[in-house]
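A.B. asks: Prediction below, plus the sequence it came from.
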Amino acid sequence: MKYSDDLFDEDHNLKFASVFGVVCGIASGLASVYSLEAAYIFLAILIGNLIVLKVDGMHHILALIVFLVILLIGGIPELSLVILLICILAAISDEVGHEMISNVTHNKFMNLFFEYRFVMKIVLLLLAVCGVINIWIFVCFILFEISYVCGGLVFENFN
């Protein structure tokens, strides 16, 4: 999704941003159908971004529609509302912190913490340590986050 966002925000390329958004919607939707933990993560990110009004382009809307269609066809896993709410609050904290922290403080730790959205990472680690989610899901989430950062680096270096 990072590459899609950069294509839309920086290059104003709706066509390719939409293609990458649809790919993201497919991947997130399929992961959510097949893994309860992935459903928590991707639904929380989706709901958190909707709440903080970060779904702000056609590429996001297409990813959202594809994601929801896959969930409706494949079935939404039975979720604990408490776990989902914890993950939603983490996603909201990450997004709000990411947007606002540099305006509030010049503390390098706090800026890096929210620049790389560590709230969700810590919450998922705690959920894994407590046995709520599988530790491998946490590892996969970290790999997902690394790929998100790499997507931004690829965009910066090749566009």
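C.D. replies: Okay, I see it.

A.B. asks: Relative to residue 39, how far out is the most centrally placed residue in the chain?
C.D. replies: Closest residue to the average C-alpha location of the chain: residue 45 at 4.6 Å, with C-alpha atoms, centre = their mean. Using C-beta to C-beta, to the nearest Å, residue 45 is found at 11 Å from residue 39. C-betas here are computed from N, CA, C, even on glycine.

A.B. asks: Now that residue 119 has come up, it's in contact with residue 93, right?
C.D. replies: Yes - judged on C-beta atoms under 8 Å, residue 119 makes contact with residue 93 at a distance of 4.3 Å.

A.B. asks: The residue sitting furthest away from the middle of the chain in helix, strand or coil?
C.D. replies: Here the chain reaches farthest from its C-alpha mean at residue 106, the gap being 25.4 Å by C-alpha atoms, centre = their mean. Applying DSSP: H, G, I helix; E, B strand; the rest coil to residue 106 yields a three-state assignment of coil.

A.B. asks: ditto for the one 4 residues further on
C.D. replies: Secondary structure for residue 110, judged by three-state DSSP, is helix.

A.B. asks: That one: neighbour count?
C.D. replies: Residue neighbour count, defined by other C-beta atoms under 10 Å, stands at 14 for residue 110.

A.B. asks: three-state assignment of the closest residue to it other than its chain neighbours?
C.D. replies: The shortest distance from residue 110 to any residue that is not its chain neighbour, by C-beta to C-beta, 6 or more residues apart in numbering, is 5.7 Å, and that residue is residue 101. Reduced to three states with three-state DSSP, the structure at residue 101 is helix.

A.B. asks: Now residue 31. Its backbone dihedrals?
C.D. replies: The phi and psi torsions at residue 31 (degrees, to the nearest 10) take the values phi -60, psi -40.

A.B. asks: nope, residue 105 is what I was after
C.D. replies: Its backbone dihedrals place residue 105 at phi -150, psi 160, with angles given as degrees, to the nearest 10.

A.B. asks: so what's it scoring on pLDDT?
C.D. replies: The score at residue 105 is 88. That number is its pLDDT.
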